[in-house]
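> here is a sequence with its predicted model. Questions after.
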Amino acid sequence: MSALDRLDRLAAGLARLGRGLAALSCLAAFAVVVAAVAMRYLFGRPLVWADEVSGWLVVSTAMLALAEAQYRGENVAVDLWLERARGRTLTALRLGGAAGVAVCGGVLLHQGWQMVAFSRMVGIKSNTLATVDVWTIQALVPIGGALLLAIALVQSARIVAGRPISADEGVKAARSIE
């Protein structure tokens, strides 16, 4: 076995270890969030550390999983699937991807709206800028969700119509034919 093969095996092992730790970190973040919600809304005893710890765990998840994605060459896994797919499979993957994005946009819109409504109802102010209502900053979440939802719905319609996902994609495809 060459030195390069040994390095590759080591890299693969480290990537798998990172993936496993990222999975544990993700599960831990989920557990912290569930515990925080339960403690706050069921028992009226919020976990003051939960937001910060869940943030750390999310960063941990992303950073630990990055090595595995890079090792596999799948840091943009959807592109990998789309490059290999043809015909109906490609259409289904694109439509499924657009639908998934639409769902995410809808969740951001709905939950963001509820977050803004709660912050307005309670009158939450910024900790550092006492004159700033937090809801004015939080309003970016439902706005972003609405934009994401709108784009995903347009893309879904273009896919169903058999057209490129975006006008830019259509222009690129036309140029490649020339």
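Here it is on my side, so go on.

> every contact and neighbour count from this point should use C-alpha atoms.
Fine.

> where does the chain have low pLDDT?
Across the chain, residues meeting the criterion (pLDDT under 70) sit at 2-8, 10, 66-67, 69-79, 126-129, 165-178.

> looking at it, which helix is longest?
In the chain, taking DSSP state H as the definition, the longest helix is helix 3-41.

> how far out from the middle of the chain is stretch 143-155?
If you compare the mean C-alpha spot of stretch 143-155 with that of the full chain, they lie 14 Å apart, counting by Cα atoms, centre = their mean, to the nearest Å.

> what does stretch 27-41 give?
19 Å.

> got a list of contacts for stretch 137-152?
Identification of contacts with stretch 137-152 by Cα atoms under 8 Å, 6 or more residues apart in numbering yields 98-99, 101-113, 115-116.

> can you do 10 Å?
Around stretch 137-152, the neighbours that count as contacts under Cα atoms under 10 Å, 6 or more residues apart in numbering are 95, 97-117, 119, 126, 135, 153-158, 165-166.

> can you check stretch 109-125 too?
Where contact means Cα under 10 Å, 6+ apart, the residues beyond stretch 109-125 that reach it are 103-108, 130-149.

> just the buried residues from the residues you listed, in ChimeraX please.
For anyone working in ChimeraX, the buried entries among the contacts of stretch 109-125, judged by 16 or more other Cα atoms under 10 Å, can be selected with:
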select :103,104,105,106,107,108,133,134,135,138,139,140,141,142,143,144,145,146,147,148,149
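
> please check the contacts of stretch 137-152 and keep the buried ones.
When the contacts of stretch 137-152 are checked for burial by 16+ other Cα under 10 Å, the buried set is 95, 97-99, 101-109, 112-113, 115-116, 119, 135, 153-156, 158, 165.

> following the host helix or strand of residue 121, which helix or strand comes up?
Using DSSP states H and E, residue 121 falls within helix 87-122. On the C-terminal side of helix 87-122, the nearest following helix or strand under DSSP H and E is helix 134-138.

> tell me the helix or strand right after that next one.
Counting by DSSP H and E, the element after helix 134-138 in chain order, helix or strand, is helix 140-160.

> alright, that wraps it up for me.
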